[in-house]
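[1] Quick one, structure for this:
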Amino acid sequence: MTLPSSDTTESTAKTAWNDCWNSIGVHGDMSCPKLATLIHCRNCPTYSAAASAFLDRDLLAGCESEWTTHFSQNKVAENVQAVSVAVFRVGREWFALPTLALEEVAESRKMHSVPHRRNGAVAGLVNIRGELIVCLSPQKILGIDAALEASSAPGEKGRARLLVVKRDGKRVAFPVDEVVGTYRCQESDFEVPPATVTMAASAFTQKILRWQGKVIGFLDDKMLVASLNGGAA
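    Below you'll find the model as predicted:
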């Protein structure tokens with residue numbers, strides 16, 4: 001969309017006043033004696049009077065219809081498909097979830113065991129604001145090697161967090177070793193997962209994202225919530 005030109009307006013308006021700032025002022029040779037005390041032409045009454053005259057001038061022929069046409073045009077929405085993701089780490093593996101799917105990033109807390117569910121996707125129950133929520137085991141559902149998961153540096157223990165995901169009215173939580181933050185990506189930044197993705201992770205990984213030299217698995221939050229029924233036994 002092209003804005004109406006103001007060149008004609010400015011050239012015509014200059015004849016209506018003394019534009020001394022362009023000759024002896026800050027845009028000229030700066031020989032005006034008033035500059036010693038006023039410092040800049042913006043502080044001069046002559047400059048202020050010229051500005052008022054410029055704003056109060058009569059419209060040029062055709063100017064009103066030109067601007068009316070400009071503002072009456074339909075606004076064209078930009079087709080920018082941006083996605084906000086939250087990036088986090090489990091062991092040595094990096095993942096991301098849609099930011100809208102995250103209800104809360106909480107501090108790590110005590111987990112209560114669930115009888116007869118020790119070998120499934122459910123790791124236990126956690127108390128989030130007075131409500132017990134099912135906590136998933138990311139190692140189980142994503143197939144992360146326990147030895148690699150336990151190889152994090154000792155100083156990284158303080159970065160552990162608990163992610164709370166909400167989808168279709170259901171809430172689940174799962175522990176992660178670090179949450180880096182949220183980032184906006186374009187749809188074109190995502191790639192199809194390679195065949196080297198493990199069988200367990202491939203069921204939850206929609207796409208991959210390359211970020212700061214890391215390969216990040218973009219997880220399906222719907223599948224994570226659905227794993228409560230499919231992998232909790």
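[2] quick one, domains of the protein?
    As given by automatic domain parsing, the domain ranges for the chain are 7-72, 82-230.
[3] State the distance from the residue nearest the centre of the chain to Trp211.
    Most central in the chain under C-alpha atoms, centre = their mean is Arg184, positioned 3.9 Å from the mean C-alpha point. Going from Arg184 to Trp211 by C-beta to C-beta, to the nearest Å gives 12 Å. In short, each C-beta sits where N, CA and C put it, glycine included.
[4] re the thing from before, neighbouring strands for the host helix or strand of the residue nearest to the centre of the chain, and are they parallel or not?
    Using DSSP states H and E, Arg184 falls within strand 178-186. With DSSP bridges as the test, strand 178-186 is paired with strand 82-90 (antiparallel).
[5] Surely the residue nearest to the centre of the chain is in contact with Val87?
    No - counting by C-beta atoms under 8 Å, Val87 is not a contact partner of Arg184; they are 11.6 Å apart.
[6] and the nearest residue to Leu38 once chain neighbours are set aside, what does it touch?
    In space, and not counting its chain neighbours, Leu38 is closest to Cys44: 5.3 Å by C-beta to C-beta, 6 or more residues apart in numbering. Contacts for Cys44 (C-beta atoms under 8 Å, 6 or more residues apart in numbering) come out as 21, 25, 34, 38.
[7] Throw those into a markdown table and include secondary structure, thanks.
    As requested, the contacts of Cys44 are arranged in a markdown table below (DSSP: H, G, I helix; E, B strand; the rest coil):
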| residue | secondary structure |
| --- | --- |
| Trp21 | helix |
| Gly25 | coil |
| Lys34 | coil |
| Leu38 | helix |
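[8] Who wins on neighbours among the residues you listed?
    Counting neighbours by other C-beta atoms under 10 Å, Gly25 leads these with 22 neighbours.
[9] how much space between that residue and Arg42?
    Taking C-beta to C-beta, one finds Gly25 at 10 Å from Arg42.
[10] Strands along this structure, start to end?
    All strands of the chain, identified by DSSP state E, fall at 82-90, 93-98, 102-107, 122-128, 131-136, 161-167, 170-176, 178-186, 190-191, 205-211, 214-219.
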